[in-house]
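Trainee: pasting the structure only:
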């Protein structure tokens, strides 16, 4: 099979051995794969996959089941999307059958490729870890990103008003159209958020640059969920504010979680979130698609930090 590999900071469509399909697994003929910031880091040699995971890029994909291992209830021909530790940007991928979900009714395989990673991330961190409750106020940094776009919609669907920080006024308008109450353009500073807070939950992929602001903006018993380090890894932390406000700082990653954790997460997602796509209360924010032959252009575009929503690579155009 052919697959996308990161080679010296570039991505290349190369020949790779086909994986074997074992007990409890399914083989997916891949139609499309979502592009995530983790793919950028891996292609640059900065984020190796967990032990035992495929070296091929791609943390999510959509496609058609082409082989079913013993112990799985999926059937050949089922349309699915899957959460992966790697391997999605290939002509086929083998995955734990519990890590796949059906393509929501009414959605295309292209749209479905943009769902698993960002909705899993948003659901895990806001609702499972932070315990977000209806009516609580949320601050989403990088609100126009794939995860941010999913988080805005989930907050709206489950009754929690949210605000965002973004890179431009156009991206702020995009977030408000999705359901955000408002927010700020980061170059204008975060001080104006004080009048909108305090916030019960902060979802933070930025890290060091926003430490001081997060502590000031969080409410009593606030939860700060750190999911990335786009703004650096080291910062001073005023522990008096942490203590006085009883703030919980939660570091969270998904890719390295074990198979059972991911299976439980996908099961919860399938029950709580997936029906909302059919009801049109959630929608994939598919910004742009690229044929796999133009993968480098897609990686370059994502790296520009100008994308609102998700980029998707088309692997097999005959399926979409």
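Mentor: Cool, got the structure. These numbers come from a predicted model, not from an experiment. Numbering: from 1, shown residues only.
Trainee: report the rounded mean pLDDT for the single longest strand found in the chain.
Mentor: Assignment by DSSP state E gives strand 25-35 as the longest strand of the chain. Average pLDDT, strand 25-35: 98.
Trainee: what does the longest helix along the chain contact?
Mentor: If you go by DSSP state H, the chain has its longest helix at helix 259-272. Contacts with helix 259-272, where a contact means Cβ atoms under 8 Å, 6 or more residues apart in numbering, come from 83, 96, 98-102, 116, 119-120, 123-124, 127-128, 254, 257. (Glycine included, C-beta is placed from N, CA and C.)
Trainee: part of a strand, is residue 75?
Mentor: No - assigned with DSSP: H, G, I helix; E, B strand; the rest coil, residue 75 falls outside any strand and is coil.
Trainee: that one and residue 64 touch, don't they?
Mentor: No - taking contacts as Cβ atoms under 8 Å, residue 75 lies outside contact range of residue 64: 10.5 Å.
Trainee: give me the more crowded residue out of those two.
Mentor: Using other Cβ atoms under 10 Å as the criterion, residue 75 and residue 64 rank with residue 64 on top: 18 against 9.
Trainee: which helix or strand contains that one?
Mentor: In the assignment (DSSP states H and E), residue 64 maps to strand 60-68.
Trainee: how much space between residue 184 and residue 109?
Mentor: From residue 184 across to residue 109, the span is 36 Å (Cβ to Cβ, to the nearest Å).
Trainee: the two - which one has more neighbours?
Mentor: Counted by other Cβ under 10 Å, residue 184 and residue 109 do not tie: residue 109 has more neighbours, with 23 against 19.
Trainee: who touches that one in this structure?
Mentor: So residue 109 contacts 31, 32, 62, 63, 79, 81, 103, 319, 320 (Cβ under 8 Å, 6+ apart).
Trainee: quick one: contacts for the residue lying closest to the second one once chain neighbours are set aside?
Mentor: Spelled out, it's residue 32. Excluding the flanking residues, the one nearest residue 32 by Cβ to Cβ, 6 or more residues apart in numbering is residue 113, at 3.8 Å. With contact set as Cβ under 8 Å, 6+ apart, residue 113 has these partners: 31, 32, 33, 34, 60, 61, 62, 81, 312.
Trainee: for those residues, which one is nearest residue 5?
Mentor: residue 33 (13.3 Å; Cβ to Cβ).
Trainee: which residues in the stretch 151-300 of the chain form helices?
Mentor: 169-178, 211-217, 239-244, 259-272, 274-278, 295-303 (DSSP state H, counting those that start in this stretch).
Trainee: pick the most deeply packed of those.
Mentor: Of all the helices of the stretch 151-300 of the chain, helix 211-217 has the most neighbours on average by mean count of other Cβ atoms under 10 Å, namely a mean of 20.
Trainee: packing partners for that one?
Mentor: Applying 3 or more Cβ pairs under 8 Å, 6 or more residues apart in numbering; DSSP states H and E, one finds that helix 211-217 contacts strand 199-204, helix 239-244.
Trainee: now the ones you listed as a markdown table including mean pLDDT and distance to residue 177?
Mentor: Putting the helices and strands packed on helix 211-217 into a markdown table (pLDDT from 0 to 100; distance: least, Cβ to Cβ, whole Å) gives the following:
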| stretch | mean pLDDT | distance to residue 177 |
| --- | --- | --- |
| strand 199-204 | 98 | 19 |
| helix 239-244 | 96 | 34 |
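Trainee: using a markdown table, please lay out those together with distance to residue 13.
Mentor: Converted to a markdown table, the helices and strands packed on helix 211-217 look like this (distance: least, Cβ to Cβ, whole Å):
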| stretch | distance to residue 13 |
| --- | --- |
| strand 199-204 | 34 |
| helix 239-244 | 47 |
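Trainee: residue 12 sits in which helix or strand?
Mentor: Residue 12 belongs to strand 10-15, assigned by DSSP H and E.
Trainee: which elements pack onto that strand?
Mentor: strand 2-7, helix 295-303.
Trainee: now that strand: how far from the chain's centre is it?
Mentor: 23 Å (Cα atoms, centre = their mean, to the nearest Å).
Trainee: walk me through the domains of this structure.
Mentor: 2-115+256-314, 118-251 (automatic domain parsing).
Trainee: re the thing from before, dump the helices of the stretch 151-300 of the chain to CSV, plus distance to residue 233.
Mentor: CSV is the format used below for the helices of the stretch 151-300 of the chain (distance: least, Cβ to Cβ, whole Å):
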stretch, distance to residue 233
helix 169-178, 25
helix 211-217, 11
helix 239-244, 18
helix 259-272, 24
helix 274-278, 35
helix 295-303, 19
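Trainee: what mean pLDDT does stretch 127-134 get?
Mentor: 98.
Trainee: buried stuff in stretch 222-235?
Mentor: With burial defined by 16 or more other Cβ atoms under 10 Å, the residues of stretch 222-235 counted as buried are 222, 223, 224, 225, 226, 227, 228, 230, 231.
Trainee: identify the farthest-apart pair in these.
Mentor: Between all members of the buried residues of stretch 222-235, the farthest pair (by Cβ to Cβ) comes out as 222 and 230, at 21.0 Å.
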